[in-house]
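1. sequence and predicted structure, then a few things I'm wondering about:
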Amino acid sequence: MQTLSINGQDQVVDVPEDMPLLWVLRDVLGLTGTKYGCGIAQCGVCTVHLDGKAVRSCVLPVSNAVGHQITTIEAIGQTPVGQAVQSAWLAHEVVQCGYCQSGQIMAAVALLQTHPEADDQQIVNGMSGNMCRCATYTRIRAAIKSVSKA
């Protein structure tokens with residue numbers, strides 16, 4: 001049994017220590033906003049926050065998340081930066097198919113929490129490794145830039 005702090009609430013789970021956090025979130029706890037992409041931490045689709053830092057949940061053993069604050073896409077709008085990013089996503093019509101967008105938003109929020117006035121290079125670096133098969137990168141950058149200016 002392990003206790004995880006997810007979106008401000010403690011959750012007790014009975015899973016193997018090496019089970020990836022992604023599967024605990026999706027299959028055990030029913031938090032399906034975090035998606036499976038590649039399974040090797042290369043695409044960013046599974047991004048969640050661990051103590052405010054963007055991490056890939058597909059390769060993070062659940063035992064490494066114990067004792068940390070986990071935030072998923074389901075709760076990111078409860079923070080001012082998260083709410084601003086979600087609003088910018090809508091204003092800039094970022095979403096096309098939408099599959100990667102929870103990971104994109106989680107990465108963008110983590111970036112803006114550390115660099116509230118992110119410049120173009122910081123945005124490119126901060127979003128590096130988050131793939132979008134629909135290629136909405138220009139709209140993603142514009143949405144992030146609009147929040148960084150606000």
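-> Ah, there it is. Residues are numbered from 1 along each chain as shown.

2. residue boundaries of the helices in the chain?
-> Read by DSSP state H, the chain holds these helices, from start to end of the chain: 21-23, 62-65, 73-76, 80-91, 101-114, 120-127, 137-149.

3. export the ones you listed as a markdown table, with columns for distance to Gly8, mean neighbour count and mean pLDDT.
-> From N, CA and C alone the C-beta is placed, and that goes for glycine too. Converted to a markdown table, the helices of the chain look like this (distance: least, Cβ to Cβ, whole Å; neighbours: other Cβ atoms under 10 Å; pLDDT from 0 to 100):
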| stretch | distance to Gly8 | mean neighbour count | mean pLDDT |
| --- | --- | --- | --- |
| helix 21-23 | 17 | 23 | 98 |
| helix 62-65 | 15 | 18 | 98 |
| helix 73-76 | 7 | 20 | 98 |
| helix 80-91 | 13 | 17 | 97 |
| helix 101-114 | 16 | 24 | 97 |
| helix 120-127 | 25 | 15 | 95 |
| helix 137-149 | 23 | 18 | 94 |
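
4. show me the protein divided up by domain.
-> Domain assignment for the chain, taken from automatic domain parsing, gives 2-75, 76-149.

5. Met127 contacts Leu111, doesn't it?
-> Yes: look at Met127 against Leu111 with Cβ atoms under 8 Å: they come within range, at 6.8 Å.

6. mutual contacts of these two, please.
-> Common neighbours of Met127 and Leu111, using Cβ atoms under 8 Å, 6 or more residues apart in numbering, are Ile144.

7. look up how far Ile70 lies from Thr3.
-> Computed as Cβ to Cβ, to the nearest Å, the Thr3 to Ile70 distance reads 11 Å.

8. between the two, who's got more neighbours?
-> For Thr3 against Ile70, the residue with the higher neighbour count under other Cβ atoms under 10 Å is Ile70, and the figures read 25 against 11.

9. any idea how many residues pack against the residue lying closest to Cys97 once chain neighbours are set aside?
-> Once its chain neighbours are removed from consideration, Cys97 has its nearest residue in Cys134; the separation is 5.2 Å (Cβ to Cβ, 6 or more residues apart in numbering). Here the number of neighbours of Cys134 (other Cβ under 10 Å) works out to 14.

10. can you put the helices of the chain in JSON lines and add distance to Val15?
-> Rendered in JSON lines, the data for the helices of the chain read as follows (distance: least, Cβ to Cβ, whole Å):
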{"stretch": "helix 21-23", "distance to Val15": "8"}
{"stretch": "helix 62-65", "distance to Val15": "6"}
{"stretch": "helix 73-76", "distance to Val15": "19"}
{"stretch": "helix 80-91", "distance to Val15": "27"}
{"stretch": "helix 101-114", "distance to Val15": "22"}
{"stretch": "helix 120-127", "distance to Val15": "31"}
{"stretch": "helix 137-149", "distance to Val15": "33"}
